[in-house]
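**Student:** Pasting the sequence and the predicted coordinates here, then a few questions.
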Amino acid sequence: MSTPRPASDWPEDPYPGRWPDHSYVVGEDGVVHAVEVDAATPSGWAVRSGPVPVCLDAWLRERGLQGLAGRTAVLSFGSNRCPSKLLRQGGPWVNLACETSGLAAVWSHGTRAYDEQVVATLVGAQDHAAPFFVSLCTDEELALLDVVEGRGTGYDLVPIDPAQVVLADGSSPDAVSAYVGLRPHRWPVAGADGHPVLLDAMDQDEITRWREGERLHWEPVAGSPYLPLTADAFV
């Protein structure tokens, strides 16, 4: 049995915050419940917060929430992995840990308006592997993320090759998308080597100091191990 914990155990400040090292669902009471692979359940996933594992799909329906069918898979690579942030903004509640290949979370050139913290974006990255989350969103949660991420003004929601995203049960989503920097303030900032700065390479204080030096946007060049994920980026 995994003991439920309050979302506040994973604070959102400084950006990108903290998150569990396992799949999870956030309950209406702000409590985080671990989710694990369980082939014995109809959905293949179980909420393990009590003496008996409960099918994730059934757990959701028992609380008046939409089951897993019909949800949209969105790759969460920045602060949308953080339970306390999800609780504050109102979802998404279902988040499955995954391993990704050929993708990297990197620091962007801009900050978010309400607290001036530097935020992340996503790029293609040759031979790079990283653990992220797949957030399974209802239509309402997706609409919420569109607003939170500034879809069309800061980020765009772009499809990702599902083969690059592998869940804990070894499967890949049928389809998955990610919010990727669309406008200059959400393009990657260039590091000392001219490449994007990996999110894990600097913390918030370090990237803030780095940006104070009038740093340039990263621009893709031939032969670079990094590439943009939007066709009209950097135009």
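**Tutor:** Structure received. The structure displayed is predicted, hence computed values, not measured ones.
**Student:** Run through the residues that contact the residue nearest in space to the middle of the chain.
**Tutor:** Against the mean C-alpha coordinate of the chain, by Cα atoms, centre = their mean, the closest residue is residue 76 at 1.2 Å. Contact analysis of residue 76 by Cβ atoms under 8 Å, 6 or more residues apart in numbering lists 95, 132, 133, 134, 135. For glycine as for every other residue, the C-beta is placed from the backbone atoms N, C-alpha and C.
**Student:** likewise residue 225?
**Tutor:** 125, 126, 127, 128, 195.
**Student:** Quick check: phi and psi at it.
**Tutor:** Main-chain torsions, residue 225, degrees, to the nearest 10: phi -80, psi -10.
**Student:** From residue 75, how far out is it?
**Tutor:** 20 Å (Cβ to Cβ, to the nearest Å).
**Student:** between the contacts of residue 76, which is nearest residue 200?
**Tutor:** Nearest to residue 200 among these is residue 132, at 11.9 Å by Cβ to Cβ.
**Student:** so what's the closest one closest to, chain neighbours aside?
**Tutor:** Counting by Cβ to Cβ, 6 or more residues apart in numbering, residue 132 lies nearest to residue 77, which is 4.6 Å off, once chain neighbours are set aside.
**Student:** With residue 166 instead?
**Tutor:** Closest to residue 166 by Cβ to Cβ, 6+ apart is residue 99, at 5.0 Å.
**Student:** hang on, the one you found in a strand?
**Tutor:** Yes: applying DSSP: H, G, I helix; E, B strand; the rest coil, one finds residue 99 inside a strand.
**Student:** what's the distance between the residue nearest to the centre of the chain and residue 183?
**Tutor:** Distance from residue 76 to residue 183, by Cβ to Cβ: 20 Å.
**Student:** in the longest helix seen in the chain, what's buried?
**Tutor:** Using DSSP state H to define each element, the chain has its longest helix at helix 139-148. Under the neighbour-count criterion of 16 or more other Cβ atoms under 10 Å, helix 139-148 has 141, 142, 144, 145, 148 buried.
**Student:** of these, closest to residue 33?
**Tutor:** residue 141 (17.3 Å).
**Student:** That closest one reaches residue 92, doesn't it?
**Tutor:** Yes: taking contacts as Cβ atoms under 8 Å, residue 141 lies within contact range of residue 92: 4.1 Å.
**Student:** and for these two, which residues touch both?
**Tutor:** Common neighbours of residue 141 and residue 92 (Cβ under 8 Å, 6+ apart) are residue 135.
**Student:** now the strands: where do they sit in the protein?
**Tutor:** Taking DSSP state E, the strands of the chain run over residues 5-6, 24-26, 31-37, 45-47, 54-55, 72-76, 94-111, 118-137, 155-160, 165-167, 176-181, 226-227.
**Student:** coming back round to it: go ahead and produce PDB holding the CA coordinates of the longest helix of the chain.
**Tutor:** In PDB, the C-alpha atoms belonging to helix 139-148 read as follows (Å, rounded to 0.1, in the frame of the first residue of the first chain):
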ATOM      1  CA  ASP A 139     -11.800  18.300 -22.600                       C
ATOM      2  CA  GLU A 140     -12.200  20.800 -19.800                       C
ATOM      3  CA  GLU A 141      -8.700  20.200 -18.500                       C
ATOM      4  CA  LEU A 142      -7.300  20.600 -22.000                       C
ATOM      5  CA  ALA A 143      -9.200  23.900 -22.400                       C
ATOM      6  CA  LEU A 144      -7.700  24.900 -19.000                       C
ATOM      7  CA  LEU A 145      -4.200  24.100 -20.200                       C
ATOM      8  CA  ASP A 146      -4.700  26.100 -23.400                       C
ATOM      9  CA  VAL A 147      -5.300  29.100 -21.200                       C
ATOM     10  CA  VAL A 148      -2.500  28.400 -18.700                       C
END
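**Student:** All good on my end, thank you.
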